[in-house]
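**Q** the sequence isn't on hand, but the structure is:
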């Protein structure tokens, strides 16, 4: 038996939205045939380390991270990964 998918209407104002969802089932608006299985968490395990840097090095890292619009710890990990790929 094929399930018919309802067309999602324009959302009503927020005050009406809550009342609307109380009488409608969100699963009526999903096409389960288009769903994909969620893969397992593929994030590799990590280990916390302590790294001693000169204040000037940390300041330079933070400035570079600001330019790249990312946290400085992420920038450090990215640069380490780039160097490891070169090996």
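**A** Cool, the structure landed. In this text the structure is predicted, and so the values were computed from the model without any measurement.

**Q** what is the neighbour count of residue 65?
**A** 17 (other C-beta atoms under 10 Å). No exception for glycine: its C-beta is placed from N, CA and C like everyone else's.

**Q** that one: what secondary structure?
**A** helix (DSSP: H, G, I helix; E, B strand; the rest coil).

**Q** so how far is residue 21 from it?
**A** Distance, residue 65 to residue 21, by C-beta to C-beta, to the nearest Å: 41 Å.

**Q** low pLDDT regions in the protein?
**A** 1-13, 15 (pLDDT under 70).

**Q** 80 instead?
**A** Filtered on pLDDT under 80, the chain yields the residue ranges 1-18, 20-21, 26, 29, 32, 38-42.

**Q** could I get the full set of helices for it?
**A** With helices called from DSSP state H, the chain shows them at 14-23, 55-68, 72-86.

**Q** out of those helices, the one nearest residue 41 is which?
**A** helix 72-86 (17.7 Å; C-beta to C-beta).

**Q** what is that closest one packed up against?
**A** In terms of contacts (3 or more C-beta pairs under 8 Å, 6 or more residues apart in numbering; DSSP states H and E), helix 72-86 is packed against helix 55-68.

**Q** so how far is the helix it packs on off the chain centroid?
**A** Distance of helix 55-68 from the chain centroid (C-alpha atoms, centre = their mean, to the nearest Å) equals 24 Å.

**Q** so that helix versus helix 72-86, what angle?
**A** 90 degrees (axes from the mean of the first three to the mean of the last three C-alpha atoms, to 10 degrees).

**Q** and the contacts of helix 55-68?
**A** Outside helix 55-68, the residues that touch it by C-beta atoms under 8 Å, 6 or more residues apart in numbering are 53, 71-72, 74-76.

**Q** could you pull out the buried residues of that helix?
**A** Residues 61, 65 are the ones in helix 55-68 that count as buried (16 or more other C-beta atoms under 10 Å).
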